[in-house]
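Student: Test case, fold it:
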Amino acid sequence: MHTPTIFAEENLENIIEFIAANPLATLVAQTKDGIEACHIPLFWYADNFMPNADADADANPNTQHGYLYGHFGRKNSIYQDALPNTSWLIIFQDSGHYISPNWYPSKAKTHKEVPTWNYQSVHIQSKIELLEDADTLKWILATMTAQREVISDHPWSLDEAPATYIDAMCLCAEELLALS
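Tutor: Prediction:
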């Protein structure tokens, strides 16, 4: 993606805040049939450990700043068809807005303005690690839910659903870990 230098964001804190405010990501993967995309919410966990890992194995030398976590259904074709050991493109984007030429003061004088679209996005290229541990998936679901439910007067949590139901739902979901 072409990013003019004036608009490039290099501050990791700002990037993480943007991801938190715009969690629905577009994941793009190379498959045997071409390119495929899907949309799933992700969250940044700003630590370099894997949940439920041994204490000695917590630190991952491949990342310095944390991980992106999320999940998708096992029946999602991107899970079935993505080529192994290839990088995926992960895109976070705000809704943006239209910029009218009429908003530019110079338009009244020169009429040399054109419409454009103002938006922000973050592109991350990374290999994806798929995890199948039920406890880690529950941690991902609980963490994501807590982050989104914080605005509710009566936040919902995984504990409110029957454990057998959550266990059954976890059998249908695949965890996603994006190394960053």
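Student: number of nearby residues for K75?
Tutor: K75: 10 surrounding residues under other CB atoms under 10 Å. C-beta here means a position set from N, CA and C on the backbone, and glycine is covered the same way.
Student: partner residues bridging the residue positioned nearest the centre of the chain?
Tutor: With distances taken as CA atoms, centre = their mean, L42 lies nearest the centre of the chain, 3.5 Å away. On the basis of DSSP bridges, L42 is bridged to G70.
Student: which residues touch it?
Tutor: Applying CB atoms under 8 Å, 6 or more residues apart in numbering, one finds that L42 lies in contact with 19, 23, 25, 68-70, 90, 92, 176, 178.
Student: and the residue of the chain most remote from its centre, what helix or strand is that in?
Tutor: Centroid-distance maximum for the chain: K109 at 43.8 Å, with CA atoms, centre = their mean. Remark: K109 resides in helix 107-110, with elements defined by DSSP states H and E.
Student: quick one: the helices in the chain?
Tutor: Using DSSP state H, the helices found in the chain span residues 12-21, 77-81, 107-110, 134-149, 163-172.
Student: avg pLDDT for stretch 169-179?
Tutor: The average pLDDT within stretch 169-179 is 71.
Student: ok, which stretches of this structure are strands?
Tutor: Using DSSP state E, the strands of the chain run over 24-31, 34-45, 67-73, 87-93, 97-99, 116-118, 121-131, 173-179.
Student: Least confident of the ones you listed, on average?
Tutor: Among the strands of the chain, strand 173-179 scores lowest, at a mean of 66.
Student: just checking, Q93 touches I19?
Tutor: No - contact between Q93 and I19 fails when scored by CB atoms under 8 Å: they sit 10.6 Å apart.
Student: neighbour count winner among the two?
Tutor: Taking other CB under 10 Å, Q93 and I19 do not tie; I19 has more neighbours (18 against 15).
Student: hang on, the earlier thing: out of the strands of the chain, which gets nearest to T145?
Tutor: strand 34-45 (10.3 Å; CB to CB).
Student: Please export the C-alpha coordinates of the closest one as PDB.
Tutor: C-alpha atoms of strand 34-45 as PDB (Å, rounded to 0.1, in the frame of the first residue of the first chain):
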ATOM      1  CA  GLY A  34      -5.800 -17.700  -5.600                       C
ATOM      2  CA  ILE A  35      -6.400 -15.100  -2.900                       C
ATOM      3  CA  GLU A  36      -9.100 -15.300  -0.300                       C
ATOM      4  CA  ALA A  37     -10.200 -12.900   2.400                       C
ATOM      5  CA  CYS A  38     -12.400 -13.100   5.500                       C
ATOM      6  CA  HIS A  39     -13.400 -10.600   8.200                       C
ATOM      7  CA  ILE A  40     -12.900 -11.400  11.900                       C
ATOM      8  CA  PRO A  41     -12.400  -9.300  15.000                       C
ATOM      9  CA  LEU A  42      -8.900  -9.400  16.500                       C
ATOM     10  CA  PHE A  43      -7.400  -7.900  19.500                       C
ATOM     11  CA  TRP A  44      -3.800  -7.000  20.400                       C
ATOM     12  CA  TYR A  45      -2.300  -8.500  23.500                       C
END
